[in-house]
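K.L.:
Build me a model from this:
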Amino acid sequence: MPLFNDFGFTDEQKMMRQSLLKLAERALPPAKIRELDRTDGWPTEAYRALAKDGWLGLPYPTEYGGLGGGYKDIAILLETLSYHYACFGTTYMTSVIYAGLQLLHSDSEGLRQDYMVPMIKGDLYLAFALTEPQTGSDAASIKTYARADGPDYVVNGQKWFITSAHVADYLVLVVKTDPDVRPAHSGFSMLLVDTRAPGVSIKPIETMGRHTTHTNQIFFDNVRVPGRNLIGAKNGAWKALMRGLNLERMCIAACGAGNAQKAVEIAQDYATQRIQFGQPISRFQVIAHKLADMRIKAEMARLVTYRTAEMMDAGADARMETAIAKIVATDNDFECAHIGMQVMGGAGYSMEHDMQRLFRDSRLGPIGGGSNEIQRNIITKLMGL
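P.N.:
Below you'll find the model as predicted:
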């Protein structure tokens, strides 16, 4: 673990990271990771282990069975899980961060008790559904519509690129409830939708990487949702979405930082053992400099992630910093895997070694969670440009 220093961590955070590493190594060994990647499986046993040890409650208040952790604690957890396996971090993030926290910040104690608390215990898994086929970066243009019908809502539409929806019990679904209001995002609401409800159809999307937490398309055909499953105020979802997306960027950065460190470790181990012309290839300056570049990039991903998390813990306005962290960490993650592939040559390109998986999995980072081009739009707007 070449970059896993713990400078600036509390004793509790150091213990947390060691505990999480041991859990990951025990519940999700390398052979199992390769099997899941090959078969598009889902890390059920490892996720249950996280639930059993109470980690699903890290960002939640103690009165709901949580641990009351802060943003830096979340960053440490996600960096650690993603260092072990990128999709392990995403598995956690999807239900606990993206979907579950929307329930925490809603005004419904019933939803918190009936769905959030079981989610913390590991009895329910949630997914978050915002993106649509024609509305990726332009989130304000979603078309999935929920029409009020007596005490219920009736939902019609389609969602696209929804992570882990295929294993979710419920979806936190973003819909239009007022299609005529301007600006359009003033008519957004969130509903908690049972994935087993009549009219819900979930189909996998085949992708280059992230085979474990693969993405899905979801169709809604006159799906009836109880009115009590409205999350927050009707037509008031946009503000909650913006709060959630800001945290999402920091979390994606933490995952990128973890995966980047794994790429450094794999490449360094290979280069010190691969003998060419009578010596390890790490002795050749051209390879040593590539490894140094990888370490610089991975360390920068860590630094920007933790600085951002500390700002958020302090209550500072970190909108620009979360966008910067997301760009730096995900770009550097992919570049580390890309350089690592070159260091390993044909071995890195072969399915026998893990570098090809890190390369495939890391490519999503600059695209998902608001593309890095969109993050630059956010930065320039905050700069007043």
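K.L.:
What segments of the stretch 51-200 of the chain are helices?
P.N.:
71-84, 86-92, 100-104, 109-111, 117-121 (DSSP state H, counting those that start in this stretch).
K.L.:
Among these, single out whichever gets nearest to Trp55.
P.N.:
helix 71-84 (6.7 Å; Cβ to Cβ). C-beta coordinates here come from the backbone N, C-alpha and C atoms, glycine included.
K.L.:
Just list the residues touching Ser82, thanks.
P.N.:
88-90, 254-259, 262 (Cβ atoms under 8 Å, 6 or more residues apart in numbering).
K.L.:
quick one: it from Ala271, how far?
P.N.:
Separation of Ser82 from Ala271 (Cβ to Cβ, to the nearest Å): 23 Å.
K.L.:
now do Gly110
P.N.:
For Gly110 relative to Ala271 (Cβ to Cβ), the value is 56 Å.
K.L.:
who's more crowded, those two?
P.N.:
Ala271 (20 against 10; other Cβ atoms under 10 Å).
K.L.:
mind checking the SS state of the residue nearest to that one when sequence neighbours are not counted?
P.N.:
Spatial nearest neighbour of Ala271, excluding adjacent residues (Cβ to Cβ, 6 or more residues apart in numbering): Ser282 at 4.0 Å. When classified by DSSP: H, G, I helix; E, B strand; the rest coil, Ser282 comes out as helix.
K.L.:
can you tell me which residues contact Ser282?
P.N.:
Here Ser282 is in contact with 268, 271-272, 288, 291 (Cβ under 8 Å, 6+ apart).
K.L.:
hmm, 7 Å instead?
P.N.:
271-272, 288, 291 (Cβ atoms under 7 Å, 6 or more residues apart in numbering).
K.L.:
ok, the spatially most central residue of the chain - contacts?
P.N.:
Of all residues in the chain, the one closest to the mean position by Cα atoms, centre = their mean is Thr90, 4.0 Å from it. Contacts of Thr90 were listed using Cβ under 7 Å, 6+ apart, and they are 163, 210, 213, 255.
K.L.:
how close does it sit to Gly340?
P.N.:
Distance from Thr90 to Gly340, by Cβ to Cβ: 20 Å.
K.L.:
Make JSON lines from the contacts of Ser282 and add pLDDT, distance to Ile379 and secondary structure to it.
P.N.:
Formatted as JSON lines, the contacts of Ser282 follow (pLDDT from 0 to 100; distance: Cβ to Cβ, whole Å; DSSP: H, G, I helix; E, B strand; the rest coil):
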{"residue": "Ala271", "pLDDT": "98", "distance to Ile379": "36", "secondary structure": "helix"}
{"residue": "Thr272", "pLDDT": "97", "distance to Ile379": "39", "secondary structure": "helix"}
{"residue": "Ala288", "pLDDT": "98", "distance to Ile379": "34", "secondary structure": "helix"}
{"residue": "Leu291", "pLDDT": "98", "distance to Ile379": "31", "secondary structure": "helix"}
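K.L.:
one step back: Arg307 is nearest to which of the helices of the stretch 51-200 of the chain?
P.N.:
helix 71-84 (10.0 Å).
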